[in-house]
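[1] Please work out how this folds:
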Amino acid sequence: MEGWRLKVENGRQVWEHSDEPNKLPPHTIMEKYALGLNIDKDVESLPPAKTSKEAANKGIKFYSKLQSEDGHWAYDYGGPMFLLPGLIITCYIAGYQFKDAHKKEMIRYLLGKQLNDGGWGLHIESKSTIFGTALNYVTLRILGMEKDAPSLASARDFLKKNGGTVSIPSWGKFWLATMNLYSWEGLNPLTPELWLLPYWIPAHPGRFWCHCRMVYLPMSYVYGKRFSAPLNPLIKSLREELYPGIDYNSINWSAQKWNCNSLDLYVKPSWIVKFVFGMLSIFEKVYSTWLRKKSLDEIMIQVTLEDESTKYIDIGPVNKAINALCVFIEHGKESEQMKKHINRVHDYLWLAEDGMKMQGYNGSQLWDTAFSVQAIVEAGIAPENMDTLKSAESFLDNTQVTWDVENNERYYRHISKGAWPFSTKDHSWPISDCTSEGLLAVLDLRQSKDIHTIDDERLYQAVNVILSLQNNHRDGGWATYENQRGSSLLEWLNPSETFGDIIVDYSYVETTSSCIQALCKFRNHFPNHRTKEVNASIARGVEYIKRKQRSDGSWIGSWGVCFTYGIWFGVEALVAAGESPACPAIKKACQFLATKQRADGGWGEDFQSCVQKRWVENSTSQTVNTSWALLALMRADWNKDVIDKGIKNLMEKQLPNGDWKQESISGVFNANCAISYSSYKNVFSIWALGRYSNKYESK
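    Got it, this is the predicted structure:
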């Protein structure tokens, strides 16, 4: 690890390697921490805290040392195991070679995540799947591993015993087809002409959730071109390795369209989507070459806008890789567009103690920083924290999006001026809860006269984005990036087989809560700004929160694990909006949490809570779940004995240097895939301890 350093600039994170480490400056504490190197000489080891205030300060002191020079916190945002393969396949096809140091760390990561049965899962806490195993097998071969390596022999054995590579789900079929390892005849049509349909059609792809839309958009281009890498010795060998004992050319590919292995299947395709694809299959036999060219041209216009408006980062890792493949096909390896894509590849790669992975975004910079500010402020703006908060404020200032995409409706884009993104300003996609948490952080910082904060006009712009994103004509909640553009019936068109709720940008308890809290705090600071609109918006949001509460008193979390996360957001929203802690909704939520407290005082949920949509107990208490539960209970003025036990648990689990151990994964998306939020153990523990100190110890 001696040759690795993290370059940080305006939130951008790029791990760079030098073959001459002796010429590099010493590792920073943050770099050491990320790489799993010893930091004992860099941080003070302290005796166990005696009070929550002491524990919170101890946590802040440690956490502040991990702050980057530009003000954000750089943490691991990995977890999914299907991301790196798409990037490696695209780079292989395009002829881009990673340095040996990068390949070594990628191989180390993948081998470290291989399970005992020889396979890889959808994510790092998943059982083995065909999707994860076949794609990571191909990735390791591209990275230079020989087929006779024991780990690859074990993977082939897993595939053979469990239905084979032919049963890979649809996204896996796509990637293998680009590598000439699966026939395009084995895929359901990704018909490009759908992008030429008028927008008033209820199922127009421009109405889909943006992450879904921006994946199937470039997929349609590649499918329309039927592009596959040219055969070479590696690909010929891989055909034999992935389909042992079978003549590749004799496989009945058209019979594989709906062949999805039970290990991968999470959403069973509806009869409607099967009918639609049946019709599209007929269309694919008779389509007009003129219309096909027109549709491919339109897709490339959309792809180009996405690339340029995000400085070639793109909305996420999957469409990043496919967009780059489209650019390679359309413009070539030496084109300026392709060079710009390659320049941003490393934004997605994160190096940690377990190796190099592809993250679920180009980082979680804004998201983590906004929560960090709120946690530290609630613990108390002490003089020793001032530099940390000033630096964080500078990052918040520099990260707010200050423009709208030109001609945004032409490209199915929402307004963005005034929003905060999830990661960096360059990324620039506006998100409801990121905008709200950014606004909350900025307003919290106004408690100190010594910290310069963003001017009022830009806060008005943030509020404008929040108000514009409310689903006023539907349920009154807030979705993620855009308004809900279609009926939930569109979910019947979900063809992914692996991911749930991908077609529609639904309202969520978490996003709605963030927006309610931000509007309430903004109203306290600016009671005369768009007062009627803000009041009406909050009221509609509160009604949505109450309607979404389950009969047992819980709220399910859609972006975190799981009920502790959802309940924390639900309670915070209601209290912020003026509901009494004694109101039935809050009481039921707290009663639910109280019944889930473990004997050691903590709470622990397993990721399967998200998958099964019911409480699934973890084998141990989890620091993050415990913190969320405590934040909710304290906001609701719940039984102090319950809270005291939870606080005791957090304090006992704090390490001598002020850190907490990384435990089970705490993030989720699309119900079935886990993702890491490695800062959560620090941020929410500090937050809970700080709240306890202010609420009880200061009295």
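
[2] My read is that residue 467 contacts residue 538, right?
    No. Counting by C-beta atoms under 8 Å, residue 467 does not reach residue 538; the two are 10.4 Å apart. Yep, even glycine has a C-beta here, placed from its N, CA and C like the rest.

[3] what are the ranges of the helices in the stretch 251-400 of the chain?
    271-286, 289-309, 317-331, 336-343, 365-379, 386-399 (DSSP state H, counting those that start in this stretch).

[4] Can you list the buried residues in the longest one?
    Translated: helix 289-309. Neighbour-count burial for helix 289-309 flags 292, 295-296, 298-300, 302-307, 309 (criterion: 16 or more other C-beta atoms under 10 Å).

[5] Show me what that helix is packed against.
    Here helix 289-309 touches helix 210-225, helix 317-331, helix 336-343, going by 3 or more C-beta pairs under 8 Å, 6 or more residues apart in numbering; DSSP states H and E.

[6] ok and the longest one relative to helix 271-286, angle-wise?
    Right, helix 210-225. 30 degrees (axes from the mean of the first three to the mean of the last three C-alpha atoms, to 10 degrees).

[7] Give me the neighbour count for residue 203.
    16 (other C-beta atoms under 10 Å).

[8] residue contacts, it?
    486, 490, 493 (C-beta atoms under 8 Å, 6 or more residues apart in numbering).

[9] and if we set it to 10 Å?
    By C-beta atoms under 10 Å, 6 or more residues apart in numbering, the contact set of residue 203 is 194, 197, 276, 486-487, 489-490, 492-493, 503.

[10] Can I have the buried ones of those as a PyMOL selection?
    In PyMOL, a selection of the buried entries from the contacts of residue 203 looks like this (16+ other C-beta under 10 Å):
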select buried, resi 194+276+486+490+493+503
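
[11] Take the contacts of residue 203 and write them to a markdown table, including distance to residue 4 and pLDDT.
    Shown next, in a markdown table, are those (distance: C-beta to C-beta, whole Å; pLDDT from 0 to 100):
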| residue | distance to residue 4 | pLDDT |
| --- | --- | --- |
| 194 | 44 | 98 |
| 197 | 48 | 97 |
| 276 | 48 | 97 |
| 486 | 45 | 94 |
| 487 | 49 | 94 |
| 489 | 49 | 95 |
| 490 | 45 | 96 |
| 492 | 47 | 96 |
| 493 | 44 | 96 |
| 503 | 40 | 97 |
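
[12] Sort out which of the contacts of residue 203 are in helices and list them.
    The helices in this structure, assigned by DSSP state H, contain residue 276 from the contacts of residue 203.

[13] Out of the contacts of residue 203, which sit inside strands?
    With strands defined by DSSP state E, no entry of these lies inside them.

[14] Just the closest of the buried residues of helix 289-309 to residue 697, please.
    For these, the minimum distance to residue 697 (C-beta to C-beta) is 48.5 Å, reached by residue 309.

[15] isn't that closest one right up against residue 405?
    Yes. Residue 309 lies in contact with residue 405 (C-beta atoms under 10 Å); the separation is 5.3 Å.

[16] Next one: the closest residue in space to residue 137 that isn't next to it in sequence from residue 640, what distance?
    In this structure, residue 137 finds its nearest non-sequential neighbour in residue 155, 4.8 Å apart by C-beta to C-beta, 6 or more residues apart in numbering. Per C-beta to C-beta, to the nearest Å, residue 155 is found 53 Å from residue 640.

[17] mind checking how far residue 179 is from residue 218?
    Residue 179 is 16 Å from residue 218, by C-beta to C-beta.

[18] Tell me which of the two has more neighbours.
    Each of residue 179 and residue 218 has its neighbours counted (other C-beta under 10 Å); residue 218 has more, 27 against 22.

[19] Next up, the contacts around the more buried one.
    190, 299-300, 302-303, 306, 314, 318-327, 329.

[20] Neighbour count for residue 467 and residue 538, which is higher?
    Set residue 467 next to residue 538 and count neighbours by other C-beta under 10 Å: residue 538 wins out with 22 against 17.
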